[in-house]
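Engineer: Below: sequence and its predicted model.
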Amino acid sequence: MAACSQDTGVKMALAETIVVCLGIYFGAGVIVAVLFLGFGVSRIDHDAKGASAFFRPMVFLGCVALWPYIILRFVSLKKINQPDTVSPDGEAP
């Protein structure tokens, strides 16, 4: 009976660790999403400047879940919805 309670304690510790890690991940995601949607989205996507009032709440959860990608994208400042500056044959226009 004692071995069963020790096994349950290990499982509970593992479950608590997973919950804490997910809380930290999504907490950081909320911070990044608020900052990104407030200040940075128009720097990456110029079409977001004229978006409706429902745009930011709709993409909020996606930003929370994908915050590492958003940080990488923001740091590299790769813009979307813009024509390429390099032609398909590899030469600059």
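Structural biologist: Yep, it's here.

Engineer: Going by C-alpha atoms from here, please, whenever you check contacts or count neighbours.
Structural biologist: OK.

Engineer: what sits against I70?
Structural biologist: Neighbouring residues of I70 by C-alpha atoms under 8 Å, 6 or more residues apart in numbering: C63.

Engineer: That one sits in which helix or strand?
Structural biologist: Following DSSP states H and E, one finds I70 within helix 67-76.

Engineer: Identify each buried residue in that helix, please.
Structural biologist: 67, 70, 74 (16 or more other C-alpha atoms under 10 Å).

Engineer: From the centroid of the protein, which residue is nearest?
Structural biologist: In the chain, the residue lying closest to the centroid (C-alpha atoms, centre = their mean) is W67, at 1.6 Å.

Engineer: Next up, the contacts around W67.
Structural biologist: W67 neighbours (C-alpha under 8 Å, 6+ apart): 28-29, 32-33.

Engineer: the inter-axis angle of the helix or strand where K11 lies versus helix 67-76?
Structural biologist: Taking DSSP H and E as the criterion, K11 maps to helix 2-35. Relative orientation of helix 2-35 versus helix 67-76 (axes from the mean of the first three to the mean of the last three C-alpha atoms, to 10 degrees): 30 degrees.
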